[in-house]
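any chance you could fold what I've pasted below:
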Amino acid sequence: MLLAIAAGACESDPPTGGGPTDGESLRLETVATGLASPVLLTSPPGDSRLFVVEQPGRIRIIEDGALRAQPFLDISGRVGSGGERGLLGLAFRPDYATTGEFIVNYTDTSGDTRVERYRVTADPDVADPGSGELVLAVDQPFSNHNGGLVLFGPDGMLYIGLGDGGSGGDPQGNGQNHGTLLGSILRIDVAGEPYAVPPDNPLVGVAGARPEIWATGLRNPWRFSFDRTGGHLYIADVGQNQHEEVNVADAATGGLNYGWNIMEATHCFSSSACDRDGLTLPVLEYGHGEGCSITGGHVYRGNAVPGIAGHYFYSDYCSGWIRSFRYANGVAADRTDWGLDAGQVLSFGEDAAGEVYVLNAAGIVYRLAPAQ
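The predicted model follows:
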């Protein structure tokens, strides 16, 4: 098992205005409207289409600037939607062009998590709703903190984000329990059916531990992402009552413990004194005077705005601002508030070319674009 290490200094002061380069500024360019709670945007490798996940249970396609009326996939009859439940995640296999397979994560009508595999039909704009095969099922004790993201990493493995099971304060102690999948990010191999555990996962062979676990100590990792060229994993973990956080780790390093519910960000959660040994602390946090629920995004690797390359973008559901930082030497550097209001930000998205998108509760998809 790889040992957890402490992260660098956490930045908590409010960011300054302006851009990372002289005169750089951004605008939110409207790409599509009229979506129902869009919670994710992604694209298959090398594909110019945008696939948008709607929380009630549909996946829609935006192509050549137009939102297609017919869903790519509609499983709304199987999805229990509302609050923090619904169709929450979508990931296309790296070899999607040849296999036509993709993975979704949703809460079913009983409120439990289901990770399933689906396939596209002969029509590239329509998936087969009858092709669903169960990959993983996880019971959810409460209605919130379902996580929901599925994401293929640079190693080709599938990463799955799961919250601590919900309620408040982690009453079941799942965040620090290796015997449950809750409160963790999982790493599995879905090349076969239903899945295999990679032999280099950090808890393989540890008595009483679930070998699927890659990282622990998470409250609700609603959105996390890999920097496609920087070799890091960024995890935005939603806080309890006072603090929101962003964690950054080497993408190849497993076994890290991000501290919940011993810690809320860099602060002791349940007492004035706590043992931080072996915990990985965030590189950035902010208090609830600035927002209420962090929405994690992506490191920009597109071509439309070269001046922001390498910046990780994030927002807050209650405040709607757009902020970024550049991870350098273990700290969040060049912290910037872009002076934009995106409304209630549900999620970010990244297309095949590395451009970054912002999705809000009003059903709007924006693209980050140069202000001029």
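
can you pull the contacts of residue 38?
Neighbour list for residue 38: 52, 53, 54, 55, 346, 347, 359, 360, 363, 365 [criterion: CB atoms under 8 Å, 6 or more residues apart in numbering]. Where C-beta positions appear, they are placed from N, C-alpha and C, glycine not excepted.

check the last one and give its pLDDT.
The predicted structure scores residue 365 at 98 on the pLDDT scale.

beta partners for it?
Residue 365 has these beta-bridge partners by DSSP bridges: residue 32, residue 359.

residues contacting it?
For residue 365, the contact set (CB under 8 Å, 6+ apart) comprises 30-33, 35, 38, 41, 50, 52, 62, 349, 357-359.

so which residue is dead centre in this protein?
For the chain, the residue sitting closest to the mean C-alpha position, by CA atoms, centre = their mean, is residue 223 at 1.9 Å.

could you check how far that residue is from residue 202?
Look at residue 223 and residue 202: by CB to CB, to the nearest Å, they are 23 Å apart.

need the CA coordinates for stretch 189-200. PDB is fine.
Extracted in PDB, the C-alpha atoms of stretch 189-200 (Å, rounded to 0.1, in the frame of the first residue of the first chain):
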ATOM      1  CA  ASP A 189     -10.600  -2.300 -15.200                       C
ATOM      2  CA  VAL A 190     -13.700  -2.600 -17.400                       C
ATOM      3  CA  ALA A 191     -12.000  -4.200 -20.300                       C
ATOM      4  CA  GLY A 192     -13.700  -7.400 -19.300                       C
ATOM      5  CA  GLU A 193     -17.200  -8.000 -17.800                       C
ATOM      6  CA  PRO A 194     -18.300  -6.800 -15.400                       C
ATOM      7  CA  TYR A 195     -14.900  -5.600 -14.100                       C
ATOM      8  CA  ALA A 196     -11.500  -6.600 -12.700                       C
ATOM      9  CA  VAL A 197      -9.500  -5.000  -9.900                       C
ATOM     10  CA  PRO A 198      -6.100  -3.700 -11.100                       C
ATOM     11  CA  PRO A 199      -3.400  -5.600  -9.200                       C
ATOM     12  CA  ASP A 200      -1.500  -2.400  -8.400                       C
END
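
and that stretch, what's buried?
Buried positions in stretch 189-200, judged by neighbour count with 16 or more other CB atoms under 10 Å: 190, 195, 197, 198.

kindly indicate which of the residues you listed lies nearest residue 215.
Closest approach between the buried residues of stretch 189-200 and residue 215, by CB to CB: residue 198, at 13.7 Å.

hang on, the earlier thing: check the residue nearest to the centre of the chain and give its pLDDT.
98.

so it makes contact with residue 151?
No. Assessed by CB atoms under 8 Å, residue 223 is found out of contact with residue 151, at 9.4 Å.

any shared contact partners between the two?
residue 161.

re the thing from before, out of the contacts of residue 365, which are buried?
Of the contacts of residue 365, these count as buried by 16+ other CB under 10 Å: 31, 32, 35, 38, 41, 50, 52, 62, 349, 357, 358, 359.

pLDDT wise, what is the third one at?
What that stands for is residue 35. pLDDT, residue 35: 98.

list the contacts for the nearest residue to it once chain neighbours are set aside?
Spatially, and ignoring its direct neighbours in sequence, residue 35 is nearest to residue 363 (4.2 Å; CB to CB, 6 or more residues apart in numbering). Shown in contact with residue 363 (CB under 8 Å, 6+ apart): 33, 34, 35, 36, 37, 38.

which one among these gets closest to residue 251?
Closest to residue 251, out of all of the contacts of residue 363 and judged by CB to CB, is residue 38, at 26.7 Å.

so what pLDDT did the closest one get?
Predicted confidence (pLDDT) for residue 38: 98.

measure it to residue 138 for me?
Here residue 38 is placed at a distance of 24 Å from residue 138 (CB to CB).

now residue 261
Relative to residue 138, and taking CB to CB, residue 261 is found at 19 Å.

ranges for the strands of the stretch 151-300 of the chain?
Assigned by DSSP state E, counting those that start in this stretch, the stretch 151-300 of the chain shows strands spanning 158-162, 184-188, 213-216, 223-226, 232-237, 243-250, 256-257, 263-264, 267-268, 284-287, 294-299.

tell me which of those strands lies nearest to residue 112.
Residue 112 lies closest to strand 158-162 among the strands of the stretch 151-300 of the chain, at 11.4 Å (CB to CB).

show me the shaky parts of this structure.
For the chain, the stretches flagged by pLDDT under 70 are 1-23.

could you rerun that using 80?
Applying pLDDT under 80 to the chain picks out residues 1-24, 272, 372.

so where do the helices sit in it?
96-99 (DSSP state H).
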